[in-house]
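Undergrad: just need the structure, nothing else, for what follows:
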Amino acid sequence: MNLSPRQLRIFVALAQSLNFSRTADQFCVSQPTLSKLVRELEDELGVRLFERTTRRVKLTADGEALVGVASRVKDDFDIGITELEEVARRRTQRLSIAALPTLAAMLLPGVVAALRAEMPNALVRVHDVFTHQALDLLRARTVDLALTGLDVIHQDLDYAEIVREPFVALCAKRHPLPAGFDVWSEGALAGYPLISMPRGTGTRQHVDAAFLRNGLQFRPAFELHHLTSVARFVRAGCGIALLPLSGAQLVLGEGLVIRCLQGAPERSIGIVTRRDAELPLLASRVLCSLRQHAQALGVANQQRLGRSLRKIRADSDTRANQAVAQN
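TA: Sure, this is the predicted structure:
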């Protein structure tokens with residue numbers, strides 16, 4: 001018997017959907033081509049797998065008996081290919097990384113550019129995804145390590161923090177926080193229309209937790225998935241966004257200003273790896289470079305925070321002195 005993995009995938013997909021049109025689209029073939037592939041599979045197996053009428057498609061008794069076996073064989077094949085790819089990555093100049101979009105944009109370009117300058121044949125793949133997706137890719141062995149902004153504790157994973165960064169307020173220049181507002185206060189911030197990432201994201205979990213510690217429930221006016229959307233809503237005067245500093249820096253543009261606030265919550269940025277996996281040869285170089293870039297980012301963040309707070313206080317002192325002089 002000579003069955004290909006593609007034939008098994010088509011059989012399992014069609015058995016699940018019972019829809020020739022949808023399955024043909026899934027495998028980028030025409031319906032006549034799909035019908036031909038199914039007939040070839042039935043000829044190879046020596047049994048009829050599907051009953052097809054003008055109204056519906058259903059599995060035959062033989063099809064129902066075989067689909068479970070086909071599904072297991074397909075899954076075993078996919079797992080085997082993934083493990084082969086993982087071994088190849090460990091033995092060659094290959095590395096696959098999952099990272100939060102903000103971290104992928106702020107940290108990885110410099111790391112990858114430096115690596116490729118040193119090792120021109122190195123192949124680095126980057127998946128910019130949310131934290132839960134990054135961990136799924138890590139567990140599926142699709143990536144070798146994950147760069148996330150949330151401290152995770154799982155029995156099968158190791159987490160190593162490389163830097164911390166504060167949350168800030170992203171404001172429109174024409175709709176800023178009041179002058180002299182230099183301390184993070186959940187009670188005061190709750191009085192403004194707030195813009196946030198949706199529930200389930202690491203950014204949202206940090207803000208929710210900060211409000212709950214002070215007995216408040218975080219109720220944003222808008223919940224948006226993409227930072228570009230957040231920035232446009234802020235620029236239009238729809239509200240103030242509470243974001244990690246790197247996220248705010250990524251979308252900072254004309255008409256926007258970042259307000260650093262003393263006592264703001266911080267998020268942990270770290271590297272997640274599987275405990276049962278050997279890292280590829282490139283990993284040690286990349287991890288060292290990531291730590292260096294993250295530390296530089298942390299120093300820059302602290303300097304920016306200090307400058308911002310000093311400016312706010314200086315402006316406040318100037319206004320106070322002017323008020324005294326006028327009186």
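Undergrad: quick one: pLDDT of the nearest residue to His175 once chain neighbours are set aside?
TA: Of all residues not flanking His175 in the chain, Gly237 sits nearest, at 4.6 Å (C-beta to C-beta, 6 or more residues apart in numbering). C-beta coordinates here come from the backbone N, C-alpha and C atoms, glycine included. Note on Gly237: pLDDT of 93.
Undergrad: OK, contacts around Gly237?
TA: Contact analysis of Gly237 by C-beta atoms under 8 Å, 6 or more residues apart in numbering lists 172, 174-175.
Undergrad: and the strands in the stretch 1-150 of the chain, which stretches?
TA: Using DSSP state E, counting those that start in this stretch, the strands of the stretch 1-150 of the chain run over 50-52, 57-59, 94-99, 123-128, 145-148.
Undergrad: relative to Pro280, which of these is closest?
TA: strand 94-99 (5.3 Å; C-beta to C-beta).
Undergrad: what stretches of the protein score poorly on pLDDT?
TA: Across the chain, the ranges flagged by pLDDT under 70 are 1, 86-92, 150-152, 296-327.
Undergrad: and the buried ones among the contacts of Gly237, selectable in PyMOL?
TA: Entered in PyMOL, the line below selects the buried ones among the contacts of Gly237, by 16 or more other C-beta atoms under 10 Å:
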select buried, resi 172+175
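Undergrad: shouldn't Arg235 be in contact with Leu170?
TA: No: counting by C-beta atoms under 8 Å, Arg235 sits too far from Leu170 to count as a contact (9.4 Å).
Undergrad: neighbour count for those two, which is higher?
TA: Using other C-beta atoms under 10 Å as the criterion, Arg235 and Leu170 rank with Leu170 on top: 25 against 19.
Undergrad: is that one in a bridge, and if so with what?
TA: When assigned by DSSP bridges, Leu170 has beta-bridge partners Ala241, Ile258.
Undergrad: if I pick it, what's in contact with it?
TA: Contacts of Leu170 (C-beta under 8 Å, 6+ apart): 230-231, 234, 240-243, 248, 251-252, 256-259.
Undergrad: of those residues, keep whichever come out buried.
TA: 230-231, 234, 240-243, 248, 251, 256-259.
Undergrad: and for stretch 125-138, what are the contacting residues?
TA: Stretch 125-138 has contacts (C-beta under 8 Å, 6+ apart) with 94-101, 104-105, 108, 112, 142-143, 145-150, 152, 154, 157, 200-202, 272-274.
Undergrad: for stretch 26-40, same thing?
TA: Contact partners of stretch 26-40, identified using C-beta under 8 Å, 6+ apart, comprise 6-7, 9-11, 13-14, 17, 20-21, 23-24, 49-50.
Undergrad: do you know how far Leu282 is from Leu138?
TA: Taking C-beta to C-beta, to the nearest Å as the measure, Leu282 falls 16 Å from Leu138.
Undergrad: have a look at those two and say which one is more surrounded.
TA: Leu138 (25 against 22).
Undergrad: relative to Asp208, how far out is the more buried one?
TA: With C-beta to C-beta as the criterion, Leu138 and Asp208 are 24 Å apart.
Undergrad: how is Pro178 assigned, secondary-structure-wise?
TA: For Pro178, the assignment made with DSSP: H, G, I helix; E, B strand; the rest coil gives coil.
Undergrad: list phi and psi for it.
TA: Backbone torsions for Pro178, taken as degrees, to the nearest 10, come to phi -60, psi 150.
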